[in-house]
Each structure stands twice: as C-alpha cells, then as structure tokens.
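Enquirer: Here is my input; please provide its structure:
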Amino acid sequence: MRLTKAQRATLREKFGGRCAYCGSPLGERWHADHIEPVVRNDWLSKIGMENGPPSHPERHTLENINPACPPCNIDKHSMSLEAWRGCIQRGNDGLLRDVSQFRRAVRFGTVRVVDCPVVFYFERIAQEQGDSDAA
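Expert: Have a look, this model is predicted:
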C-alpha cells in the first residue's frame, strides 16, 4: 500500500509534525514507520535471490503507521516497539563497555549515565492528554 499525498499529510500531523518516537520536528524527508513491523524481503535481491513477499503484510494499515524522523526509523529497523525500547535502554551499557571516550566523559562528569525508562514521544503526549483530561 502506497500512501497518497493526503494520507502522508495527515500522518505527518499525527503528532504535530514531530517524530512519534523522539519528538524532533520532522524535516522534508521523513519516514512513515510501521509500528508493528512489516518486514520487507527485498534484501534477497542483494544476494542474488528472488525477492519474497513481505512478512506480515496484514500490518500495512494506516493505523499501524507513525511519522518518524529518519534516524529513529532506521534505528528501529524491523523491531517491535518493545524490542527497540530494550535496545535503547541497554545502549549505555554498550557505550560504557566499548567506547573509551564515553567512559572518560563519565569519569570527568561531562556526561551522566542515567537509568530511566525509555518513553517515546507519542506515549508522553498520550500521558499528558490523559493528565489534562483528569484535571
């Protein structure tokens, strides 16, 4: 399913022209991300095989699409939201283990490692709307 211009315009404004995940303003070249992934099998052609049909084509619906900035969509790839949240949550562990510049920044206090839950922008918006509805 290809999105029409009108559908893309509506999708772009779903969260006020911001990425559903990090909340950054969407630029000209933003992505339509499947919340629950539709895994395209077009990578097969890169290894000389015929492309297969996508996995979970039933998920290709407007209700399952969020506007995303390219870095978030590329980073999320074909993960579920919870799998991606876990990767983000564990990101500092990898930096502390593998990146000496990061460890140095922590030692000298120019970077602080904070253990807090990953909350996506669309979740914060929903929470804020729920809080204002309860008031």
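Enquirer: Lowest average confidence across helices and strands of the chain, where is it?
Expert: Within the chain, no helix or strand scores below helix 121-134, which has a mean of 87 by mean pLDDT, DSSP states H and E.
Enquirer: what's near enough to touch the residue nearest to Arg18 when sequence neighbours are not counted?
Expert: Excluding the flanking residues, the one nearest Arg18 by Cβ to Cβ, 6 or more residues apart in numbering is Pro25, at 5.8 Å. All C-beta atoms are positioned from the backbone trio N, CA, C, and that covers glycine. For Pro25, the contacting residues are 17-19, by Cβ atoms under 8 Å, 6 or more residues apart in numbering.
Enquirer: Buried among those? Make that a PyMOL selection.
Expert: Entered in PyMOL, the line below selects the buried ones among the contacts of Pro25, by 16 or more other Cβ atoms under 10 Å:
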select buried, resi 18+19
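Enquirer: Same list, the contacts of Pro25, but as CSV with pLDDT, distance to Arg103 and secondary structure please.
Expert: Listed next are the contacts of Pro25 as CSV, based on pLDDT from 0 to 100; distance: Cβ to Cβ, whole Å; DSSP: H, G, I helix; E, B strand; the rest coil:
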residue, pLDDT, distance to Arg103, secondary structure
Gly17, 97, 37, coil
Arg18, 98, 33, strand
Cys19, 98, 30, coil
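Enquirer: What's the separation between the residue located most distally from the centre of the chain and Gln101?
Expert: Outermost residue of the chain with respect to the C-alpha centroid, by Cα atoms, centre = their mean, is Phe108; its distance is 31.2 Å. As judged by Cβ to Cβ, to the nearest Å, Phe108 and Gln101 stand 11 Å apart.
Enquirer: Likewise for Ala20?
Expert: 31 Å.
Enquirer: So the two - more neighbours on which side?
Expert: More neighbours surround Ala20 than the other of Ala20 and Gln101, with 24 against 9 (other Cβ atoms under 10 Å).
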